[in-house]
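>>> fold the following for me, if possible:
(chains A and B)
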Amino acid sequence: MTRVSRLCSCAVLLLSLTTACSNPAAPENQGPAPPSVKQFVGLLDPGGFQFFSFTVANIGTTELTLQVLRPADTPLPALSTPLTLMVGTPLGESCSSPLNELVVQPALVPQISIPTTPNTYCAALSDPAGQLPLSAYFSVRIVHP
Amino acid sequence: MTRRVLAFALVSALAASSCGDADPTTPTTPTEPKTRSLASRLPKGGAVSKTFVTQQAGVITVTFAGTTPPGTVVGVGVGVPLVGIADCGITQAVTTAGSGSPVIAISAIAGTYCVVVYDIGNLTAATDFDGSVTHP
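Prediction:
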């Protein structure tokens, strides 16, 4: 092998080493976007209904958790009144067409978990049976793609 | 010639070993539960909260040992750090004088949570208390 051909072999080897680990598709393949986390908070009156709209940008799973239910204007720290938590689609100035609906009490694990595609959705919390003894602050955690 | 073959083999081996991901088959090892003391002084009419982070899903357990002097019933709650008692929005709460046994056990996903001890109107002065929270 001549000196020139040895140099060429080394050059090819070095070139292959520098390109072997590259990933030309990397900029286009960043993986799924991190989920968006929102807090749907408000004051729910006995027999009341509150809703919150949000926009899902990607295909994935949307999760809802009623985390906090706290009576307004009293020193009581927490309520465990069963309430109806729903995820649906907004219609006019309301939230209808339920995709999933569940009677829930405050918890720290997701209570509604549904597959969603890019669209506008709404989460609603209501006290249809009027079981709340008084108005209550609530917080629903929404995690969506 | 032999030296060149060996050098080539060495470089090839290095190239082959340097491109792999960092052991993608390594399973996620569950972490041991962590226990934190809640010992503090509760002001009359007040509340004391502590925030903690769980790295994975599991059960949060709160144990309340009691007040000093013993016997005073107080509120103990677990929730999320939002507007609430001592900035802790309570998900589940109990009233207890303490026994050393768990008073709250609640499942939770990985996240940031808080535990709060609060006066429900029984304290006549600031009172020391002891307890602990165990979480994933």
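>>> neighbours around residue A:94, how many?
11 (other C-beta atoms under 10 Å in any protein chain shown). For the C-beta atoms, the positions are set from N, CA and C on the backbone; glycine is no exception.
>>> hey, what's the nearest residue to it once chain neighbours are set aside bridged with?
Excluding the flanking residues, the one nearest residue A:94 by C-beta to C-beta, 6 or more residues apart in numbering or on different chains is residue A:51, at 6.8 Å. Taking DSSP bridges as the rule, residue A:51 bridges to residue A:124.
>>> and if you look at residue A:41?
residue A:139.
>>> can you report how many residues neighbour it?
Using other C-beta under 10 Å: residue A:41 sits among 17 other residues.
>>> which residues touch the residue nearest to residue A:94?
A:90, A:94-95, A:122-125 (C-beta atoms under 8 Å, 6 or more residues apart in numbering or on different chains).
>>> buried among the residues you listed? Make that a PyMOL selection.
Selection command for PyMOL covering only the buried members of the contacts of residue A:51, criterion 16 or more other C-beta atoms under 10 Å in any protein chain shown:
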select buried, chain A and resi 90+95+122+123+124+125
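>>> ok, so of the contacts of residue A:51, who is nearest residue A:38?
residue A:123 (8.8 Å; C-beta to C-beta).
>>> quick check: the closest one vs residue B:93, distance?
The gap separating residue A:123 from residue B:93 is 24 Å, by C-beta to C-beta, to the nearest Å.
>>> could you pull out the strands for chain A?
For chain A, the strands defined by DSSP state E cover A:36-44, A:49-56, A:60-71, A:83-91, A:94-104, A:112-116, A:119-126, A:136-144.
>>> name the residues that touch the last one?
It stands for strand A:136-144. By C-beta under 8 Å, 6+ apart, the surrounding residues in contact with strand A:136-144 are A:35-44, A:50, A:52, A:54, A:56, A:60, A:62-72, A:79, A:81, A:83, A:85, A:110, A:116, A:121, A:123, A:125, B:80, B:82-83, B:89.
>>> same list, the strands of chain A, but as a markdown table with mean pLDDT please.
A markdown table is the format used below for the strands of chain A (pLDDT from 0 to 100):
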| stretch | mean pLDDT |
| --- | --- |
| strand A:36-44 | 95 |
| strand A:49-56 | 96 |
| strand A:60-71 | 95 |
| strand A:83-91 | 94 |
| strand A:94-104 | 92 |
| strand A:112-116 | 97 |
| strand A:119-126 | 96 |
| strand A:136-144 | 96 |
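>>> next secondary structure after the helix or strand bottoming out on mean pLDDT in chain B?
Between all helices and strands in chain B, the lowest mean by mean pLDDT, DSSP states H and E belongs to helix B:2-18, at a mean of 46. Later in the chain than helix B:2-18, the nearest helix or strand by DSSP states H and E is strand B:34-37.
>>> sheet partners, orientation included, of that next one?
When DSSP bridges is applied, strand B:34-37 pairs with strand B:127-135 (antiparallel).
>>> can I get the strand it pairs with as CSV, trimmed to CA atoms?
Extracted in CSV, the C-alpha atoms of strand B:127-135 (Å, rounded to 0.1, in the frame of the first residue of the first chain):
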residue,chain,number,x,y,z
THR,B,127,-48.5,24.2,70.5
ASP,B,128,-45.7,21.9,69.4
PHE,B,129,-46.7,18.9,67.4
ASP,B,130,-45.0,16.0,65.7
GLY,B,131,-45.7,13.8,62.7
SER,B,132,-44.3,12.7,59.4
VAL,B,133,-45.2,12.3,55.8
THR,B,134,-44.0,9.3,53.7
HIS,B,135,-44.2,9.6,50.0
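>>> what comes up buried for that strand?
Going by 16+ other C-beta under 10 Å, strand B:127-135 has these buried residues: B:127, B:129-135.
>>> any idea how far it is from the middle of the chain?
13 Å (C-alpha atoms, centre = their mean, to the nearest Å).
>>> and the contacts of it?
B:33-42, B:44, B:50, B:52, B:54, B:58-69, B:72, B:74, B:76, B:78, B:98, B:108, B:113, B:115, B:117.
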